[in-house]
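The amino acid sequence is not available; the structure is as follows:
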């Protein structure tokens with residue numbers, strides 16, 4: 001199939017590469033001259049796991065064009081993957097999407113054949129029927145469902161694993177204006193999936209609601225596990241991992257996203273919760289559960305801060321290992337590690353940081369208030385408090401006997417994900433989150 005992709009950022013380029021590697025002819029366009037020129041030269045401008053390897057197998061069918069018109073004329077369907085930033089009230093703005101639709105409209109108007117417009121960017125419920133469809137009909141003079149199709153087809157991916165998530169989905173969500181468009185997009189995605197996912201084809205508004213409410217449900221599981229972890233810490237002998245493993249074994253619950261530790265961050269989960277609350281209020285409802293989920297999530301950096309401040313006072317040195325909102329990415333947006341670093345540095349702690357990939361991003365946000373180090377051991381040297389935050393694999397291999405020689409006796413070690421439970425930490429004051437045991441001394 002011939003498709004076009006508008007917006008070649010992290011999700012857009014990964015999407016284009018997946019389809020190109022599957023043999024589809026993909027015509028990509030991005031407003032950035034730099035991105036287009038890099039891709040024309042067969043260079044990958046995006047840091048995302050597995051993307052460079054995927055592009056190597058897809059360069060022959062990935063074509064970079066220089067206009068909306070060229071993208072539409074060369075394809076049967078156009079996927080739009082551009083940012084929809086959050087407004088102050090939590091709602092997503094459609095500003096960039098509307099700009100793209102206005103740019104596509106003249107080319108769609110000039111085409112004699114049926115063309116599918118597929119919005120992949122996350123939008124507020126009601127956007128497709130209330131804004132995008134009338135805009136396209138007025139700008140093209142054509143009728144949606146007869147002369148062109150409108151699809152809402154958001155992805156469920158996480159940065160750092162975009163390619164793996166795209167190729168192995170549990171479910172492909174497709175909201176469609178008409179049966180023809182829905183069937184075409186369903187067949188397109190079926191051609192790339194390594195699994196046999198549920199193909200959930202529905203109306204546009206149902207798909208819009210499904211997208212943000214599903215993400216809110218996932219964050220509810222995360223906050224449930226973290227709230228449970230906070231309780232377990234107060235109960236001698238309690239172990240959140242033992243408890244959530246049993247809860248997750250029940251098929252009514254499942255074990256995905258049910259692990260106490262740090263909260264959710266990144267560019268999707270936090271803002272989807274706020275958007276869902278705003279959506280509910282717009283229609284006279286109230287997302288009470290969503291508010292509780294956010295409250296639990298927001299409490300975690302302060303909870304860790306209190307554990308540190310109980311053990312040592314400023315200007316003691318505090319070492320934070322792991323800054324990105326999750327492993328396998330450099331993204332620090334809404335990262336609890338960054339929030340904790342701000343709390344500590346604001347009250348006068350000497351804060352040192354390490355992360356395999358996120359140091360530059362952290363330095364840009366935190367500036368001279370912290371010290372960034374390239375080695376975890378340099379980061380830990382002299383620290384009265386150590387916090388194991390992002391669950392990077394390399395932190396599971398730390399040499400704790402070496403660390404013991406670098407820090408004061410009985411320095412506190414806060415283990416967010418309990419990755420050092422099986423290590424000999426007798427030289428430290430060890431506090432695994434979610435475990436109600438006396439500190440090891």
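Perfect, I can see it now. What you are looking at is a predicted structure, and each value in this text was computed from that prediction instead of being measured. Residues are numbered from 1 along each chain as shown.

Got the phi and psi for residue 176?
As for residue 176, its main-chain torsions (degrees, to the nearest 10) stand at phi -140, psi 150.

residue furthest from the geometric center of this protein?
Computed with Cα atoms, centre = their mean, the residue of the chain farthest from its C-alpha average is residue 112, at 38.9 Å.

For it, give its distance to residue 325.
47 Å (Cβ to Cβ, to the nearest Å). To be clear about C-beta, it is placed using only N, CA and C from the backbone, and glycine gets the same treatment.

Likewise for residue 140?
To residue 325, residue 140 is 40 Å away according to Cβ to Cβ.

who touches residue 47 in this structure?
Residue 47 makes contact with 330, 357 under the criterion Cβ atoms under 8 Å, 6 or more residues apart in numbering.

name the element it belongs to?
In the assignment (DSSP states H and E), residue 47 maps to no helix and no strand.

more neighbours, residue 140 and residue 325?
Taking neighbours as other Cβ atoms under 10 Å, residue 140 and residue 325 compare with residue 325 leading, 28 against 21.

Show the pLDDT at residue 159.
Residue 159 carries a pLDDT value of 87.

what's the burial count for it?
Residue 159, neighbours per other Cβ under 10 Å, totals 23.

hang on, it packs against residue 327?
No. Using Cβ atoms under 8 Å, residue 159 is not in contact with residue 327; the gap is 10.6 Å.

next helix or strand past the host helix or strand of residue 109?
For residue 109, the host element (DSSP H and E) is helix 95-110. Proceeding N to C from helix 95-110, the next assigned helix or strand is strand 115-119, under DSSP H and E.

Relative to residue 31, how far out is residue 110?
Residue 110 is 21 Å from residue 31, by Cβ to Cβ.

try residue 262
Distance of residue 262 to residue 31, given as Cβ to Cβ: 35 Å.

These two: which has the busier surroundings?
Counted by other Cβ under 10 Å, residue 262 and residue 31 do not tie: residue 262 has more neighbours, with 26 against 14.

residues contacting the nearest residue to the more buried one once chain neighbours are set aside?
Leaving aside its sequence neighbours, residue 262 sits nearest to residue 336 (Cβ to Cβ, 6 or more residues apart in numbering; 4.6 Å). With contact taken as Cβ under 8 Å, 6+ apart, residue 336 is in contact with 262-263, 265, 300-301, 304, 325, 389.

Then residue 224?
residue 258.

Nearest the middle, which residue of this structure would you pick?
Closest to where the C-alpha atoms of the chain average out (Cα atoms, centre = their mean) is residue 158, at 4.0 Å.

Not counting sequence-adjacent ones, nearest residue to it?
Nearest residue to residue 158, sequence neighbours excluded (Cβ to Cβ, 6+ apart): residue 165, at 6.2 Å.

Tell me the spacing between that neighbour and residue 159.
On the measure of Cβ to Cβ, residue 165 and residue 159 end up 10 Å apart.

try residue 233
Shown here: residue 233 relative to residue 159, a distance of 30 Å by Cβ to Cβ.

mind checking the end-to-end distance for stretch 104-117?
End-to-end span of stretch 104-117 (Cα to Cα, to the nearest Å): 9 Å.

do the same with stretch 126-136
With Cα to Cα, one end of stretch 126-136 sits 15 Å from the other.

for that stretch, which positions count as buried?
Neighbour counts over stretch 126-136 (16 or more other Cβ atoms under 10 Å) mark 127-129, 131-133, 135-136 as buried.

Show residues contacting it.
94, 97-98, 101-102, 105, 108, 117, 119, 142, 144, 148, 150, 152, 175, 177, 204-205, 208.

cutoff 10 Å now
Outside of stretch 126-136, the residues within contact range by Cβ atoms under 10 Å, 6 or more residues apart in numbering are 80, 84, 92, 94, 97-98, 101-102, 104-105, 108-109, 115, 117, 119, 121, 123-124, 142-145, 147-148, 150-152, 175-177, 203-205, 207-209, 279, 282-283.

Tell me the bridge partners for residue 26.
Here residue 26 sits in beta bridges with residue 3, residue 62, as judged by DSSP bridges.

burial count for it?
Residue 26 is flanked by 27 other residues according to other Cβ under 10 Å.

My read is that it contacts residue 6, right?
No. Counting by Cβ atoms under 10 Å, residue 26 stays clear of residue 6, with 11.4 Å between them.

what do these two both touch?
Here residue 26 and residue 6 have 16, 71, 79 as joint contacts, going by Cβ under 10 Å, 6+ apart.

Tell me which of the residues you listed fall in strands.
Among the shared contacts of residue 26 and residue 6, the ones falling in strands (DSSP state E) are residue 79.

Could you dump the shared contacts of residue 26 and residue 6 into a markdown table with neighbour count added?
Output for the shared contacts of residue 26 and residue 6, formatted as a markdown table (neighbours: other Cβ atoms under 10 Å):
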| residue | neighbour count |
| --- | --- |
| 16 | 32 |
| 71 | 25 |
| 79 | 28 |
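
Relative to residue 376, which of the shared contacts of residue 26 and residue 6 is nearest.
In terms of Cβ to Cβ, no member of the shared contacts of residue 26 and residue 6 lies closer to residue 376 than residue 16, at 36.1 Å.

residue contacts, that closest one?
With contact taken as Cβ under 10 Å, 6+ apart, residue 16 is in contact with 3-8, 24, 26-30, 39, 54-55, 58, 61-64, 79, 81.

what about 7 Å?
5, 8, 26, 28, 62 (Cβ atoms under 7 Å, 6 or more residues apart in numbering).

And for the last one, the neighbour number?
Around residue 62 there are 24 other residues, counting by other Cβ under 10 Å.
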